[in-house]
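[1] Need the 3D shape of this:
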Amino acid sequence: MLNNLDADVIVIGGGHAGCEAAYASARLGCRTVLITMDLDRIGHMPCNCSIGGPAKGHLAREVDALGGLMGIVTDHALTHIRFVGTGKGPAVQTLRAHADKSLYPVEMRRRLEMTEGLELVRGTVDRLLTEDSNGTRSGGRVIGVITSDGQVRRAGAVVITTGTFLNGLMHCGHQKTVGGRYGEAAAVGLSGELMRLGIKLGRFKTGTTPRIDKASLDFKEVEAIPSDLECPPFSFLHEGMSLPLGWEHRSGERPMLLSCWQTHTNEITHRIIRQNLHRSAMYGGQISGIGPRYCPSIEDKIVRFADKASHPVFLEQEEWDSPSIYVQGMSTSLPADVQIEFLRTLPGLASVRMIRPGYAVEYDMVYPDQLDRSLKVRGVEGLYLAGQINGTSGYEEAAAQGWVAGVNAACFVLGRKSVILDRGSGYAGVMIDDLVTKGVQDPYRMLTSRAEYRLLLRHDNADLRLTPIGRRVGVVDDERWERFEVKRSAIDAELKRLAGIGITPRDNERLKALGTESVNTKVSLLEILRRPQINYDWIAQFSPAPVPISKEVARQVEIQVKYEGYIARQQAQVSQASKLEGLELPVNLDYHRMNALSMEGRDKLSKVRPVSIGQASRIPGVTPADIQILIVTVEQRKWPLQAAPS
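    Predicted coordinates for the structure are as follows:
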C-alpha cells in the first residue's frame, strides 16, 4: 500500500526529458511524482527558443507521434516556423520553430497538472534509496529518494533527468558561478550517489549566447526571414498552423507569426575574439568539461575554421512581447566586455545593447554505454536516466529519451516487457542505440547522417511509423488513434484509387505541356505520378478525389509513389538487419573466456554487454571476424557464461 509520499515512479528534474518521462509514466497508469527545483521553470528553454531543425525536428515529431507533449506545446507557444532542408529530398526536410519562452513552460505545466496520476513537487533530491538482495542500503536496486528537506519518498522506479545541473558550474570569462543554468542552483548530491552505485561519470560543457535588446538593432542592415504560414504544425493532433495557437493565452488582435533575422561575423569580429582568447573560460583553462563538436562556441569557430572570413548569425525573438533577442551562432564563455565589443562589429548591431551576456556551463554526466536500450542503468534495478545526463545535447534529444525512460520505468513497475525502439523505427531508436552501443566522447547531437535508413525515417511519416507503437504501449489516447486511422485509411484509399484510374493517348497534349513523355496506351495515374515532372497537385486537377484529402495525405501519397523503389530497398535492408538483431546474446556471456575473439573485442563486448549480434556488430573495436565467431557461438549455443554472484 502506497503512503502519501510513495509513488510507482519518481522523476527527478522538470526539463524536456523529465516532462516527457513523467507524462508517459502517468499515462501508463503509474502513480508518478515529478520533483523539480522550480515549478515555474518546468519545460524551460534556457538556451535558444527553437524546437526542431535538421534531425531534431524528426525527433520532435516522433515524440508527438508516440503520444508525447513536445509537439503539442510547441504549437501552442509558437512565434515563428519554417521548413528547413527544402533544397534536399524528403528524408532531411523538417520543421524548425521558435516558441515563446514564457508561454512554453506555462503550457507544459498546465498539461502536466491536468494529467491523472501525476504530482508535481518543488524540491531537490540529494540521495537515492537503495537496497541489495539482502535488503541493505548498499546498492543493487533503487527504491526511492531522499529530498534536501529530509523527506523519504519510496518508489518502484526512479528516472533521473537532471540536465546540466549535476555539479553545474557556469563560466563567463574568469567569473564562475555555481549553478545548472542562469538564476538556478546546481544539484550537488546526486553525483556522489551515482558513483556510490558504481556508475562512471564524466564532465561535459555546453554554452549559450548573449541576449540583446531588439530596440537597439538596425533592421535595415539585417536580412529578414519570415515565417512560412504554409508549414504543417508539429503535432499530428493539429490541423493547420496559419496563426499561433498560443494566442489563446492573450487578448487583443491576432498577430502574424514573427520573423527572425540573419547577419554575419567579419574579420573585425574574428580579430577581437582572437585577441581575447586568453580571457575565454574555455581557452583560458578554466573549463575541464568537453564541449559539443557540432554546436561549437564562437571561439571554437574562429580557431577551428580560421580560413573562413565569415560565419552566419541569426537573431531570434524569444517572446512575443519581450525585447530579448537570442544571438544564434555566438555561444561564448568570453567576458561580458568582450562580448559587447564583438557584437557591435556585426551588421545591424553597431549600437546594440546587451541584456545578458552568454556563458558556458560544465556539468557531470554519465557515460551512456553503462545503460541498456530501455535507458536503465545496467546492474542497478529500477534506475533510468534520460537527457543531458546521458551525454546528449538539445531539447529534442532529451524529450525523446524522456519518453523511452518514462515508459520503461512504468513497464518495470508494472512487470511488463521493456519497450525498445530500434534503428529501423525512428531517430529516437538510432540515438539510443548510438548512446548505449558506441558511447560518447563529446556531447551527442542527432544528425540525419547518423540514420542509415533515413528515407524511411522521415519527418512526414513519424505517425505512420510510431503511433501504432505508442498505442500498443498505452500512451496514445483514443483521439490521436482515431485521427491516425482516418489518415492511414485515406492514404490507402487514394493509392488504390490512382492505381485504378488511367490516362490515355487522348491526354497527351496535357502531358506535353508539362514536358513529360506521351503515352501509347492506357497508363494508371499511379504510374504517371512516378514521373519527376508530375506532382500530386496535377493529379488532383486531372482527377479530383471524390472526398477532398488533406495536404498531409497528399504528401504521403506522392512520396510513397515517387520513392517506392528506394523505400522498398531500405525496407529490405531493415529486414536483413533485423535477422542479426534476432540472434540474441546472453547478458552474462563471459567474453574473456572466448579466446578466439580479439583482445579489444573481448574488452568492448564485456563493457557494452550487447543483447544481440546486431548490436554487437555496431560496437567500435569489434571486428567482422569477432562477429562471425559470435554467430557460430549462437548457432552452437555453447555459452561460456559468467558465474552467478554468490
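[2] all contacts plus neighbour counts: C-alpha atoms, from now on.
    Will do.
[3] the helices in the stretch 201-350 of the chain, which residues?
    267-275, 298-304, 336-343 (DSSP state H, counting those that start in this stretch).
[4] ok, for residue 536, nearest residue in space, not its chain neighbours?
    Distance criterion CA to CA, 6 or more residues apart in numbering; nearest residue to residue 536, sequence neighbours excluded, is residue 558 at 6.0 Å.
[5] you'd agree that neighbour is up against residue 535?
    Yes. Counting by CA atoms under 8 Å, residue 535 is a contact partner of residue 558 at 7.1 Å.
[6] who touches both of the two?
    residue 529 (CA atoms under 8 Å, 6 or more residues apart in numbering).
[7] Between those two, which has more neighbouring residues?
    Between residue 558 and residue 535, residue 558 has the larger neighbour count (other CA atoms under 10 Å), namely 22 against 17.
[8] for that one, helix, strand, or coil?
    Applying DSSP: H, G, I helix; E, B strand; the rest coil to residue 558 yields a three-state assignment of helix.
[9] quick one: residue 204 from residue 435, how far?
    As judged by CA to CA, to the nearest Å, residue 204 and residue 435 stand 15 Å apart.
[10] Any idea how many residues pack against residue 512?
    Residue 512, neighbours per other CA under 10 Å, totals 11.
[11] correct me, but it touches residue 518?
    Yes. The pair residue 512 / residue 518 is scored as a contact, 6.6 Å apart, by CA under 8 Å.
[12] ok, now which ones touch residue 378?
    So residue 378 contacts 370-372 (CA under 8 Å, 6+ apart).
[13] What helices and strands are in contact with the helix or strand containing residue 471?
    Assessed by DSSP states H and E, residue 471 sits inside helix 462-473. In terms of contacts (3 or more CA pairs under 8 Å, 6 or more residues apart in numbering; DSSP states H and E), helix 462-473 is packed against helix 56-65, helix 478-500.
[14] where does the stretch 201-350 of the chain dip in pLDDT?
    Counting by pLDDT under 70, the ranges of the stretch 201-350 of the chain that qualify are 240-255.
[15] let's go with 50 and repeat that
    Within the stretch 201-350 of the chain, the set of residues satisfying pLDDT under 50 comprises 242, 249.
[16] Number of residues surrounding residue 496?
    Counted with other CA under 10 Å, residue 496 comes out at 12.
[17] what does residue 376 give?
    The number of residues near residue 376, taken as other CA under 10 Å, comes to 26.
[18] Residues in a beta bridge with it, which ones?
    As for beta bridges, residue 376 partners with residue 384 under DSSP bridges.
[19] Enumerate every residue touching it.
    By CA under 8 Å, 6+ apart, residue 376 lies in contact with 382-385, 405.
[20] can you give me the strands for the stretch 201-350 of the chain?
    201-207, 211-213, 223-225, 260-264, 312-317, 324-328 (DSSP state E, counting those that start in this stretch).
[21] and the last one, what other elements does it pack with?
    What that stands for is strand 324-328. Under the contact criterion of 3+ CA pairs under 8 Å, 6+ apart, strand 324-328 touches strand 211-213, strand 312-317.
[22] what's in contact with it?
    48-49, 209-214, 313-318, 355.
[23] ok and that strand relative to strand 312-317, angle-wise?
    Computed by axes from the mean of the first three to the mean of the last three CA atoms, to 10 degrees, the angle separating strand 324-328 from strand 312-317 equals 160 degrees.
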